[in-house]
Each structure stands twice: as structure tokens, then as C-alpha cells.
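In: Sequence plus the predicted model coming up.
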Amino acid sequence: MKVRTQDTPHVIRIPKKIQEDIQEKWFHLYKWISPDEVKLSIERDFLAAIKVIGIPLAVISVLFGLITWLNILVFFFSVFVGVFFLFLYLLILSLRRSFLLTKSAFVIMTDSSISLWWKIHKLSDISGLKEDIEKVSETFEEELFEESRLSHSKQTLTSQVVEQLFGWYKAIFRIWDNARGKDSLQWMLIIMAFYTLYIGLMVSVYFIGVLFLLVLWNLFILANTQYLIKKWHSVIQINQLFWDLDIASEDIKIHKKSLEKLLIEAKENNWKDGLLLAINDGIKEINSHAQSAILSVLELKNSITSSQYKNMFSFEIYNGWIKKQISKPLEDILDLLLQNKEILSQSVQDISIQIKETKEIELKSVLKLQLKRIEAQIQSVQDYIPLLENSISKLK
């Protein structure tokens, strides 16, 4: 699916898997930007900043060291001032990226609408989202629904910074080759020493900066996580409930297959006590999952209708998804129990006739025990049929 704005060539390409998810259950929560990506983007910009100021700061620091008669303290102070402003830049950058994360962590999509930064737009006209999408895409190098390019950018910048800083040795050696006289060579050695010291400092600055970012960003993550949970509570809850219902549906289907096997085996083995207990446990499990699913269905519907996204909601698609995921498996199980109840009832009649007609005392005892088991199973099935019928009716 491609959605084009009315006045620009900007296009959102929605992956097929997401389209299918939306078509099936109306709702899809896309997790766009993660805290790890924010941290990676800051590391990338940290390297970009070093690339920009690295050589100018080296020249200024070395010059200050030379013009103050090789005062190493002046040299260190020059580097320190540059690094201070670099770290200040990182702090401001972290705050801005943290704020951007709280607005772009999630994208909510339905069959007719899309929401980003808590702004809801119709898919037929997303021109109002163009600027927001482009801002996030450019900042984190990740187009909506596509892979991030941050790791590649960081690797490229790392190589470029290393090549730039160490590449200046070539320029120094070229000047060295053209130097004449003892004094010139001494000054070249001093410049080489200062620049080597500067390289060592910048390498240390990078690793200290990464550690600084790690500590700083962990603090931001704690704050952001709490904020995201609070601000996106309804969306996260809706998504979790959809997930819970998917799991409940799979559990019900698994128990249905298990129950079918037990009922067939019981029919072939005259409803032995062990099978009778297993069948009853299976029916209890199914009923338990059914009750849990109903609570999730009701909670999900209430969460959607009470959220700001209620106008994006399509009950027709939602009801169809609920029927497919929960109602239909329960209806199949109900049909299965009703069919087996009829089979059991017919078996009761057949065994009762055999008991009346047989004259063998031992055979009568066996038949009566078999009849008792089947009657107990009929009662168990009869007890759960109204519960399943009630569950199904609540889902309509």
C-alpha cells in the first residue's frame, strides 16, 4: 500500500505484513524509534562533531602551546575548553533527542487513519504528517517502516575521524621533509609531540564521552520509560490486549485439538476413568481460557472507546477479528460437545438395552460400570455447555 499526500510527492509505503495485520484486526502499533536508536544517533553526532572541530581544535591548542613558550597547561586548557563545549553540545543533544523519542516511539495505524506525535490523520490525506515524518527520518536515518542506517553512518564516521586525525601526520611529515636547519627540526618535533598528545587526548575524550553518554542516557531512559508508559498507556494497553487475545486464541485451539483426541480415544476405550478425568480437565481449561478471553475482549473494547483513538476505530473489522480469533473456536468446541453429548446419550440407550437383555451377571456389572461413566461424562458436558453458550453470546 502506498499513501500519497495531495500536494507533494511524499509517499508512505506500508509493508504487506502490516497491511494484513490492519485488515485482520483494524489496529497496528508500529514501534518506530527505540531508546537504543536515540543513543546511537547521539554517538553518531558525537563523531560528526569531533570530525568538524577535531583539526581546528588541534591547530588552536598547538598554536597556544607554542606561542606561550611550550606551556603545557595552556595547551591542556585549550583542549579542555573545546571538549567542554563538545560535552555541552552532547547534553543539549541528548535532551532534544529524548524529547523527540517521547513523540515518535510509536505510530498507530488503522484501516483508515494514522497517528504520529498524537496527531491523527486520514490515510487519504497525510500532508499534515509530512514534516513530522521527515524530521524523525532525517534525525535517526530511518524512513518509516524501513531499516535504520545509523549503524552504517556511525561506522563510516568512525573511519573518517580516525583517517582525518591520523592523516594529518602526513602533512606534518611533508613539512618536516622540507624543513631546513636544526631549529626547524626542533620545532617540528615539538609540533609532532603536541599533536600526538592531542590525538591521545581526543581518543580518551571519545571513550570518556561514550561512557558519559551511557550514564546520561540510562538516566534519560528511566525518565523516558516512565513518561512513555504514562503518555502511551492506552496505546500500549490496547496493543497488549490484542496480543493477549492472540495467545488466548492459540491456547483455545490447542486445547480443542487435545479434547478432540481425548473424546475419540474415550469413545474407542469405553470412557475409562483416566480418560474421563482428562476430558473433564480439558473442558475446564477451555472454559477458563474462554472466560479470560471474554474479560480481555471487554477490556479491549472499553480501552479503545475511551481513548483518543476511538474515531479511528472500526467495530466491523474488530468484531470480525474477535469472531475469527475467539468466537469461532469456541463455537467449534460447543458443536463438538453437543455432538458428543448426542453420541453419549445414544450409548446410554444402547447400554441400557444390553443390561436388560443380558443374563450374565459379570457382563451386567461391566455394562453398569460403563453406563455410570458415560452418565457422569454426560453430566460434565451438560454443565459446561451453558457456560460456553454464555461466553459466545457475550462476544456477539
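Out: Looks like it arrived, so ask away. Computed from a prediction, not measured in an experiment: that's the story for all the values here.

In: Counting neighbours, what do you get for Ala376?
Out: 15 (other CB atoms under 10 Å). (Each C-beta comes from the backbone N, C-alpha and C, glycine too.)

In: Over to the one 10 residues further on?
Out: Using other CB under 10 Å, the number of residues around Pro386 comes to 9.

In: Next: the one 4 residues further on.
Out: For Asn390, the tally of surrounding residues (other CB under 10 Å) stands at 12.

In: Give me the nearest residue to Lys253, chain neighbours excluded.
Out: The shortest distance from Lys253 to any non-neighbouring residue, by CB to CB, 6 or more residues apart in numbering, is to Pro329 (5.3 Å).

In: Would you enumerate the residues in contact with that neighbour?
Out: Contacts for Pro329 (CB atoms under 8 Å, 6 or more residues apart in numbering) come out as Ser249, Ile252, Lys253, Lys256.

In: Stretch 72-82: which residues count as buried?
Out: Within stretch 72-82, the residues that qualify as buried by neighbour count (16 or more other CB atoms under 10 Å) are Val74, Phe75, Ser78, Val79, Gly82.

In: Quick check: mean pLDDT of the host helix or strand of the second one?
Out: Counting by DSSP states H and E, the secondary-structure element that holds Phe75 is helix 72-104. When pLDDT is averaged along helix 72-104, the result is 84.

In: Distance from the chain centre to that helix, please.
Out: Centroid displacement of helix 72-104 relative to its chain, using CA atoms, centre = their mean, to the nearest Å, is 31 Å.

In: CA atoms only for the helix or strand just after that helix - export them in PDB, please.
Out: Helices and strands here follow DSSP H and E; after helix 72-104, the next one along the chain is strand 106-109. Output of strand 106-109 as PDB, limited to C-alpha atoms (Å, rounded to 0.1, in the frame of the first residue of the first chain):
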ATOM      1  CA  PHE A 106       5.100   4.700  18.300                       C
ATOM      2  CA  VAL A 107       3.000   5.000  15.100                       C
ATOM      3  CA  ILE A 108      -0.600   3.900  15.400                       C
ATOM      4  CA  MET A 109      -2.300   2.700  12.200                       C
END
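
In: now the end-to-end length of stretch 123-139.
Out: From its first residue to its last, stretch 123-139 covers 24 Å (CA to CA, to the nearest Å).

In: in it, what's buried?
Out: Leu123, Ile126, Leu129, Asp132, Ile133, Val136, Ser137, Thr139.

In: for those residues, which one is nearest Leu245?
Out: Closest approach to Leu245 among the buried residues of stretch 123-139 (CB to CB): Leu123, at 24.7 Å.

In: Check the gap between that closest one and Lys130 for me.
Out: To Lys130, Leu123 is 13 Å away according to CB to CB, to the nearest Å.

In: before we move on, what about Lys372?
Out: In terms of CB to CB, Lys372 sits 74 Å off from Lys130.

In: Val62 now?
Out: In terms of CB to CB, Val62 sits 47 Å off from Lys130.

In: Could you do Ala105 as well?
Out: Applying CB to CB to Ala105 and Lys130 gives a distance of 20 Å.

In: close enough to count as contact, Leu245 and Lys301?
Out: No. Contact criterion CB atoms under 8 Å: Leu245 and Lys301 do not qualify, at 11.1 Å.

In: which of these two has more neighbours?
Out: Applying other CB under 10 Å to Leu245 and Lys301 shows that Leu245 carries more neighbours, namely 21 against 16.

In: The more buried one belongs to a helix, doesn't it?
Out: Yes. Judged by DSSP: H, G, I helix; E, B strand; the rest coil, Leu245 forms part of a helix.

In: Quick check: closest non-adjacent residue to it.
Out: Leaving aside its sequence neighbours, Leu245 sits nearest to Ser296 (CB to CB, 6+ apart; 5.3 Å).

In: count of neighbours near the one you found?
Out: That count, for Ser296 with other CB under 10 Å as the rule, works out to 19.

In: So which residues of the stretch 1-150 of the chain form strands?
Out: 2-4, 11-13, 28-31, 106-109, 113-116, 119-122 (DSSP state E, counting those that start in this stretch).

In: Now stretch 388-396: buried residues?
Out: By neighbour count on 16+ other CB under 10 Å, the buried set for stretch 388-396 is Leu388, Ser391, Ile392, Leu395.

In: So which of those residues belong to helices?
Out: With helices taken from DSSP state H, the overlap with the buried residues of stretch 388-396 comprises Leu388, Ser391, Ile392.

In: What distance do you get for Thr196 to Asn311?
Out: According to CB to CB, Thr196 stands 65 Å off from Asn311.

In: Closest one of the ones in helices among the buried residues of stretch 388-396 to His289?
Out: Comparing these against His289 with CB to CB places Ser391 closest, at 9.9 Å.

In: what's the nearest residue to that closest one if we skip its chain neighbours?
Out: Ala290 (4.5 Å).

In: How is this protein divided into domains?
Out: Domain assignment for the chain by automatic domain parsing gives 2-231, 234-394.

In: got the contact list for Cys258?
Out: One thing to correct before we go on: residue 258 is Ser, not Cys. Counting by CB under 8 Å, 6+ apart, Ser258 has contacts Gly282.
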